[in-house]
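Asker: Compute the structure for the input listed below.
(4 chains)
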Number of protein chains: 2
Amino acid sequence: MRPENIRVPALPPMPGPDHGDCKAVASVLARVGDKWSVFVIMMLIDGPRRFNELKRMINGISQRMLTLTLRGLERDGLVTRTIFPTIPPRVDYELTDLGRGLAEPVKALGEWAIAHLPEIEGARSKFDTRNE
Amino acid sequence: MRPENIRVPALPPMPGPDHGDCKAVASVLARVGDKWSVFVIMMLIDGPRRFNELKRMINGISQRMLTLTLRGLERDGLVTRTIFPTIPPRVDYELTDLGRGLAEPVKALGEWAIAHLPEIEGARSKFDTRNE
DNA sequence: CTGTATCCATTTCGATACTG
DNA sequence: CAGTATCGAAATGGATACAG
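Answerer: This next block holds a predicted model:
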């Protein structure tokens, strides 16, 4: 049997051509999926905000979750954290260029959500009543 | 004191003008944020798919999570579920018009994620090494 | 083939208390 | 003001077994 006739076994664990990025992309989408990340990004579109300012704007968020959300956004390079060593201390959070770029598709998604909310809620209640 | 001088107390539990939609919009965003919903929507863009077909395409998803994800999408009116009473049984899932509409901004978000993945991963490792 | 039911580990998150 | 630390409740998700 000559080399050109050797059969190479298929490669089973390779579902699609873009699977290499799959987990990585998922990690980015997960950030957007975080309940609070989107709200924080929205609140920062108009300019920098202080910690408690954000806390008041977002209404239901706990101090803990705001801290964790901001740390996550900072880690991904989406917001900057600026400390003013005054007393009382002051910390400003601001979107980076990257963060402002992300805000665009996020805003589009949010606008779609608002526009189609009636349809979705209708579908939901219809589905729920159909199954008691 | 005349009527025009009466002071109306401020309304404390009303953080912003768009707060009424806040919880509702969040519930839509939460669906997109679901780890698997976005992948399922992507897989359905090209046309209807069967249950196990989706399961194979998505690679890491468990049977349980695929069922739950599809039920959620169906409940929101984003996919339809068509049963063919053959044996063995066959069930097709397909995007509705609403679902195809949602796919647009979702795709934009996914493309942004892929395009800026290097920046984000760079920011992450930088952040992680800076904090040991 | 297309699910449902159950169990269990892990993660997530809110409440609370405390620090510089 | 801007966090950190800790705890327990709840949600999430995988594995497995079973059913129509």
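
Asker: Can you report how many residues neighbour the closest residue to A:Ile58 other than its chain neighbours?
Answerer: Once flanking residues are discounted, A:Ile58 sits nearest to A:Phe39: 5.3 Å by C-beta to C-beta, 6 or more residues apart in numbering or on different chains. The way it works is simple: take the backbone N, C-alpha and C, and place the C-beta from them, glycine included. A:Phe39 has 23 neighbouring residues, counting by other C-beta atoms under 10 Å in any protein chain shown.

Asker: Can you name every helix or strand that whichever helix or strand A:Phe39 is part of contacts?
Answerer: Element membership for A:Phe39, per DSSP states H and E: helix A:37-44. With contacts defined as 3 or more C-beta pairs under 8 Å, 6 or more residues apart in numbering or on different chains; DSSP states H and E, the packing partners of helix A:37-44 are helix A:51-58, helix A:63-75, strand A:90-95, helix A:97-130.

Asker: Adding mean neighbour count, write these out as a markdown table.
Answerer: Converted to a markdown table, those look like this (neighbours: other C-beta atoms under 10 Å in any protein chain shown):
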| stretch | mean neighbour count |
| --- | --- |
| helix A:51-58 | 16 |
| helix A:63-75 | 17 |
| strand A:90-95 | 17 |
| helix A:97-130 | 16 |
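
Asker: Columns distance to DNA strand D and mean pLDDT on top of these, output as TSV?
Answerer: Formatted as TSV, these follow (distance: least, C-beta to the nearest atom of the strand, whole Å; pLDDT from 0 to 100):
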stretch	distance to DNA strand D	mean pLDDT
helix A:51-58	3	96
helix A:63-75	4	97
strand A:90-95	4	98
helix A:97-130	16	94
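
Asker: Leaving out the residues flanking it, which one is nearest to the residue of chain A found nearest chain B?
Answerer: Per C-beta to the nearest C-beta, A:Gly33 is where chain A lies closest to chain B, at 2.3 Å. Setting aside the residues directly before and after it, A:Gly33 is nearest to B:Gly33 in space (C-beta to C-beta, 6+ apart), at 2.3 Å.

Asker: Quick check: the gap between the one you found and DNA strand C.
Answerer: For B:Gly33, the distance to DNA strand C equals 9 Å [C-beta to the nearest atom of the strand, to the nearest Å].

Asker: Isn't that residue up against A:Val28?
Answerer: No: applying C-beta atoms under 8 Å, one finds B:Gly33 not in contact with A:Val28, separated by 11.7 Å.

Asker: and the most centrally placed residue in chain A, how far is that from DNA strand D?
Answerer: The centre of chain A sits closest to A:Val32, judged by C-alpha atoms, centre = their mean, with a distance of 1.1 Å. Separation of A:Val32 from DNA strand D (C-beta to the nearest atom of the strand): 14 Å.
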